[in-house]
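[1] Predicted structure and sequence below. I'll ask about it afterward.
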Amino acid sequence: MPDQWPDHFDIEKSPEADLFFGFIQQGMESLKALDEKRAKWARQNLPADYELTYIFHEHAERVARDVENTALYLGLGDIVARNLYWAMLPHDIGKALLPVNIWDTIEKPDGHLKQLRRSHTDLGVQYTAPRLPEDHPFTALMLDIMQSHHENMDGSGFHGTKGEHLSLPVRLACIVESFDGYRIRRPHFGSRDISTAGVLERMRHEKGADFYDMDLFEAFASMKQQASTQQETTQTTAKG
């Protein structure tokens with residue numbers, strides 16, 4: 001298991017880059033195809049006003065960018081940021097191996113359904129591992145994130161892995177994964193505040209150190225707040 005930031009290789013310059021990027025592209029296409037199937041299923045089985053908001057292939061791109069941008073914010077350098085981006089991008093491909101009818105519900109998913117959904121972590125690893133070079137550090141990084149992005153520091157996550165056994169890339173992945181999930185409105189959210197500030201506040205005070213590496217969380221939070229402020233400034237300037 002990688003326990004340091006991945007600065008000892010550059011996936012974009014690796015001799016195996018084409019193999020890895022081809023696999024990632026295929027995985028993203030499978031998520032996009034799943035999203036299309038979900039939309040069709042929802043139209044046929046859910047109320048007409050149901051809106052498919054949590055689009056998996058778009059989620060994957062957002063969290064990969066958030067991991068990359070946090071690495072840059074931390075001063076970890078371009079190589080680490082690029083490696084983390086590419087390793088995070090396919091983290092959810094196991095979802096395409098589960099039934100289409102489990103993803104979209106009006107009510108908050110119960111414990112059994114939540115566990116079934118999160119089995120995509122194991123399915124993704126089982127699918128990915130035989131298809132990539134076993135001894136390549138990028139394979140190890142990708143599988144680490146794929147397996148463990150739903151863990152919590154206190155061991156209450158999907159696999160029950162505690163923080164001391166989670167690598168730094170995984171700890172960061174868990175934070176950005178949670179943030180993006182809380183930011184996308186779904187029917188059971190009700191009137192919950194899903195603004196950047198509101199979500200960060202909820203993560204900080206309702207979840208905190210039980211769930212997250214708080215040093216990484218605060219770096220991520222600062223990066224997101226800074227980006228949000230810059231976006232608001234740009235929009236205000238454009239209107240003026």
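    Okay, I see it. Residues are numbered from 1 along each chain as shown.

[2] residue nearest the centroid of the chain?
    In the chain, the centroid-proximal residue (C-alpha atoms, centre = their mean) is residue 177; its distance is 3.7 Å.

[3] now the helix or strand that contains it: mean pLDDT?
    Element membership of residue 177 [criterion: DSSP states H and E] is helix 168-183. Helix 168-183 carries an average pLDDT of 97.

[4] mind checking how far it is from the chain centre?
    The chain centre lies 6 Å from the centre of helix 168-183; the measure is C-alpha atoms, centre = their mean, to the nearest Å.

[5] Same question for stretch 38-53.
    23 Å.

[6] how long is that stretch end to end?
    End-to-end distance for stretch 38-53: 11 Å, by C-alpha to C-alpha, to the nearest Å.

[7] ok so, going back, helices and strands around the helix or strand following the helix holding residue 177, which ones?
    Remark: after helix 168-183, the chain's next helix or strand is helix 196-202, criterion DSSP H and E. Packing partners of helix 196-202 (3 or more C-beta pairs under 8 Å, 6 or more residues apart in numbering; DSSP states H and E): helix 168-183, helix 214-239. Heads up, the C-betas are built off the backbone N, CA and C, glycines and all.

[8] closest one to residue 56 among those helices?
    Residue 56 lies closest to helix 168-183 among the helices and strands packed on helix 196-202, at 10.9 Å (C-beta to C-beta).

[9] So which bits of the longest helix along the chain are buried?
    Under DSSP state H, the helix in the chain containing the largest number of residues is helix 17-45. By neighbour count with 16 or more other C-beta atoms under 10 Å, helix 17-45 contains the buried residues 20, 23-24, 27-28, 30-32, 34-35, 38, 41-42.

[10] now that helix, how far from the chain's geometric center?
    Taking C-alpha atoms, centre = their mean, one finds helix 17-45 lying 15 Å from the centre of the chain it belongs to.
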